[in-house]
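1. Model the following, please.
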Amino acid sequence: MFPTVSRVLDLEVVSRGLPEVVAGKEHLENPVRWVHVSELPDVAGMLQGGELILSTGIALPEHREGLARYVQELAEVGAAGLVIEFGRRYFDSLPRALVHAAEQRGLPLIVLRRELRFVAVTEAVHALVVNAQLEELRSSEEIHQTFNELAVEGAEPVEVVREVARMAGAPVVLENLSHQVLAYDTAGQNAQVVLAGWESRSRQVRPGGRTGHDPRSGWLVTAVGARGQDWGRLVLIGAPGSAREGAEPSQVSGRHTMLLERAAATLALNRLMVRDRESLERQTHRTLLSGILTHALTVSDVALRAAALGVPLEGRRLVGVVLRQRRGPLPAALEAQARLRDFTETAAAAVRERRLTALVGALDEDAVGLLVSLGPRDEEHAALDGFAAALRRLAAEHGEDAEPVVAVGSSVGSVRDARRTLLEATQVADAALHDAPGDAGRASYYRLPDVRLRGLLHLLREDARLQTYVERELGPLLSYDAEHGTQLIQMLRVYLEQGRNKSAAADAAHLSRPSFYDRLHKVERVLGVDLDQVESCLSLHVALLALDAVRR
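-> Take a look at the predicted model:
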C-alpha cells in the first residue's frame, strides 16, 4: 500500500520541519502516490490524484475566492494533501479562507514551521512509494501464482476461501444467491459472531457493480460466476486497514480487491471444470455429514454451519436416512460417479418437493445420506413416507433405479446424537440391500425392526464368534464346492428358502427332482447333518444369512 499522509509526517526528514496539521485531520490516511513541489496556483491541471503538494505559498492568490478555488481544484483532482512552509509568504499563520476551504473540502492542510529541503522530502517519500509499488508487484505475483495453482489443482471451494482468509487476514464467506453460506473461514475470529444472522445481514449489502465495498458493514463483496451466470458472492469482512468510511472500491485496497476478484475467478473456473461433479450445495452438505460421522467437526460447528446453510438442527427432531441403489456399480468409475451425482440430486429434489429441511450428500461411492430436521408439528412417518414416494417417482422419471433402498434410523433430539441415527440408518440400508424390492406388507422405507434377523447378523458381521459359527456350519460345504467346482451351497440355500419343500426347491433350481434330491444327499454327507431335522435346517439357514452379512 502507498504511504499515507500521516506516515509521511512521521518521517524524520519531515518532522524536522515541525509539521502541524491545521485542517483536514480526519483525512490523514489519504494514500500518497507521489510528492509534487509547485508554487503554481493552477497546479491541479498537472495532477493525476494522490499527490502531496509541497509549497512555500509564494504564488498563491491574494483574495478569498482565489484561495477557495485553489483548494477546490486540488480536492477535485484527488490530491492527498497540501503542505505549506512558513518563511517565504506566510510566517505565523495561514489565511483563514485557505484553512476554511481545506476543512470544508476534507483536504489535509499542513504547515511547516521550520524550513526544510524539499528535495530531501521528495527523495524520502518517493523511496516509500517505490517500495510500496514493489511490494504491490510482489503481492500481485503471489496472488496470481497461488490461485493459478488452486485452479490447476481443481481446489474445493473451502480451500480457495481458506487461502483468501489467510492472505487477507480477515474472515471470508462464500454464499449462494439465496445468501446461504457454502464455505467460510473466520481467520481466527469467533465463528458464532461472524455468521450470526448471516442471511438477513447479507441481504442488506448490495454494492453497485460486480465488486463493491459497503462502508456501513465494512464488507468487500464480489460476484462469483462465469458466462453471464452468477451463482454466488464472495465476501471479505472488514479486512485490516482496507477501508476508510465512504471510500470507493478502488480506494479501499487494491490488493484486497484483486485478491477477492482473483479468488472469485478461480471458484468460477473450477466450477466450470467440474460440471460432472456434485453442486456446491451438495459438496457442503456432504462435508457436514462426513464431519458428523467421523467426529471431524464439533457439535457446535455442525449446528452453526448447518444453520448458515438454512438447515437448523438445534431444538429439532433429527432422523438419519441412507439411500442405496439396488443395482451394482457400473464398470466405468466416471459413469459410477455420474450415477451417484444424479441420484444425490434426485434425493435433494425429493426433499424440496416435500418441503422438508435436510442435509443431503453422498456418503460413499454408492450411498446417499440425509439428516432430516423435523419441527414440532411435523409428523415423522408422513414426512418419511412422502419423501420415499417422491424419491421413487423422480428416480423412475430420470431413468434411475425406481426401487432404491430407503433406510431410516431412530429419531434423536439433539445434534450430539445425529451420528447415532445416521449410523443406524447405514446399518439398516446394508442389511436391507438384498431384500426383494416391493415386498408386500412393508412400509416404503426400512427401519431396524424391518430387517429382523438379517439386520442383527449384519450388526454382528465383524464379530469373530459369528464368523467362527459360519465356518463351523458351512465351512466343509464351501470347501467341497471350491475343490469340486460344484454349487451345493446354492442348492442348500434354495431348499431352505423354499421352506424345505423339495418339489418347489427343485423347480426353483431348474432341476429334475431326482437330480435335486441327489444334490441334497451330498449336502447331508458333506456336512454330516439330517436336512429333515428342523433345528439343523434352522441353524444352517442362520449360517447362510450370516455368510451373506460377512461377505458384504
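2. Could you list the low-confidence segments of the chain?
-> 1, 227, 239-253, 273-279, 327-335, 400-402, 434-443, 552 (pLDDT under 70).
3. Now with 50, please.
-> Residues of the chain meeting the criterion pLDDT under 50: 241-251, 276-277, 329-331, 438, 440-441.
4. Which helix runs longest in it?
-> If each helix of the chain is counted by residues according to DSSP state H, the longest one is helix 118-153.
5. which helices and strands does that helix pack with?
-> Packing partners of helix 118-153 (3 or more C-beta pairs under 8 Å, 6 or more residues apart in numbering; DSSP states H and E): helix 5-9, helix 12-15, strand 34-37, strand 51-55, helix 157-168, helix 254-273. Heads up, the C-betas are built off the backbone N, CA and C, glycines and all.
6. switch to 6 Å and redo it
-> Contact here means 3 or more C-beta pairs under 6 Å, 6 or more residues apart in numbering; DSSP states H and E; on that basis helix 118-153 packs against helix 12-15, strand 34-37, helix 254-273.
7. Please convert these to a markdown table, extending it with distance to H213 and mean neighbour count.
-> Formatted as a markdown table, the helices and strands packed on helix 118-153 follow (distance: least, C-beta to C-beta, whole Å; neighbours: other C-beta atoms under 10 Å):
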| stretch | distance to H213 | mean neighbour count |
| --- | --- | --- |
| helix 12-15 | 30 | 14 |
| strand 34-37 | 24 | 18 |
| helix 254-273 | 8 | 21 |
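8. now those in CSV, with distance to D430?
-> Output for the helices and strands packed on helix 118-153, formatted as CSV (distance: least, C-beta to C-beta, whole Å):
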stretch, distance to D430
helix 12-15, 75
strand 34-37, 71
helix 254-273, 33
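9. Relative to L374, which of these is closest?
-> helix 254-273 (32.3 Å; C-beta to C-beta).
10. Contacts for stretch 178-194, please.
-> Applying C-beta atoms under 6 Å, 6 or more residues apart in numbering, the external contacts of stretch 178-194 come out as 157-158, 161-162, 165, 170-176, 198-199, 202-203, 280, 284, 304, 308-310.
11. Just give me how far the host helix or strand of D507 sits from the chain centre.
-> Following DSSP states H and E, one finds D507 within helix 502-508. Remark: helix 502-508 is offset 57 Å from the chain centroid, using C-alpha atoms, centre = their mean, to the nearest Å.
12. list the helices and strands that helix packs on?
-> helix 488-497.
13. List the buried residues of the helix it packs on.
-> Neighbour-count burial for helix 488-497, counted by 16 or more other C-beta atoms under 10 Å, picks out 488-489, 491-496.
14. what's the answer for stretch 519-530, then?
-> Buried residues in stretch 519-530, counted by 16+ other C-beta under 10 Å: 519-520, 522-523, 526-527, 529.
15. Contact partners for A432?
-> 405, 407, 446, 451.
16. coming back round to it: can you tell me which of the helices and strands packed on helix 118-153 is nearest to G57?
-> With C-beta to C-beta as the measure, strand 34-37 is the member of the helices and strands packed on helix 118-153 nearest G57 (12.3 Å).
17. mind checking the SS state of V221?
-> At V221 the chain is in strand, as set by DSSP: H, G, I helix; E, B strand; the rest coil.
18. who touches it in this structure?
-> 207, 212, 233, 235.
19. right, and the third one touches E175 too?
-> Yes - in this structure R233 lies within contact range of E175 using C-beta atoms under 6 Å: 5.4 Å.
20. re the thing from before, after the helix holding D507, which helix or strand is next?
-> From helix 502-508 onward toward the C-terminus, using DSSP H and E, the following helix or strand is helix 513-527.
21. That following helix packs against which elements?
-> helix 464-484, helix 488-497.
22. Send over it as CSV, restricted to the C-alpha atoms.
-> The C-alpha atoms that make up helix 513-527 are tabulated as CSV, following Å, rounded to 0.1, in the frame of the first residue of the first chain:
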residue,chain,number,x,y,z
ARG,A,513,-36.5,-83.9,-8.7
PRO,A,514,-34.1,-86.9,-8.7
SER,A,515,-31.1,-84.6,-9.6
PHE,A,516,-32.0,-82.1,-6.9
TYR,A,517,-32.6,-84.9,-4.3
ASP,A,518,-29.2,-86.3,-5.2
ARG,A,519,-27.5,-82.9,-4.5
LEU,A,520,-29.3,-82.6,-1.2
HIS,A,521,-28.0,-86.0,-0.1
LYS,A,522,-24.5,-84.8,-1.0
VAL,A,523,-25.0,-81.8,1.2
GLU,A,524,-26.0,-84.1,4.1
ARG,A,525,-23.0,-86.3,3.6
VAL,A,526,-20.5,-83.4,3.4
LEU,A,527,-22.0,-81.5,6.4
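23. and the next helix-or-strand element following it, how far out from the chain's middle?
-> Of the helices and strands lying after helix 513-527 in sequence (DSSP H and E), the nearest is helix 534-551. Here helix 534-551 is found 46 Å from its chain centre; the criterion is C-alpha atoms, centre = their mean.
24. can you give me the angle helix 534-551 makes with helix 464-484?
-> Counting by axes from the mean of the first three to the mean of the last three C-alpha atoms, to 10 degrees, helix 534-551 lies at 90 degrees to helix 464-484.
25. Break down the stretch 151-300 of the chain into its helices, ranges please.
-> Taking DSSP state H, counting those that start in this stretch, the helices of the stretch 151-300 of the chain run over residues 157-168, 191-195, 198-203, 249-252, 254-273, 280-294, 299-308.
26. among the ones you listed, which is nearest R88?
-> The minimum distance between R88 and the helices of the stretch 151-300 of the chain falls on helix 249-252, with 33.5 Å, by C-beta to C-beta.
27. now the most centrally placed residue in the chain: how far from E379?
-> Note on the chain: the residue nearest the mean C-alpha position is A183, at 2.8 Å, using C-alpha atoms, centre = their mean. Going from A183 to E379 by C-beta to C-beta, to the nearest Å gives 34 Å.
28. Repeat that for G17.
-> 81 Å.
29. Then E73?
-> For E73 relative to E379 (C-beta to C-beta), the value is 74 Å.
30. ok, now D42?
-> 80 Å.
31. Then L289?
-> When L289 is compared with E379 (using C-beta to C-beta), they lie 24 Å apart.
32. Would you confirm that V428 contacts V406?
-> No - using C-beta under 6 Å, V428 is not in contact with V406, being 9.6 Å away.
33. Ranking by neighbours, what's the top pick from the contacts of A432?
-> When neighbours are counted by other C-beta atoms under 10 Å, A407 leads the contacts of A432 with 28 neighbours.
34. neighbours around Q48, how many?
-> 11.
35. That one belongs to a strand, doesn't it?
-> No - assessed with three-state DSSP, Q48 is coil; it does not lie in a strand.
36. Sweet, I'm off.
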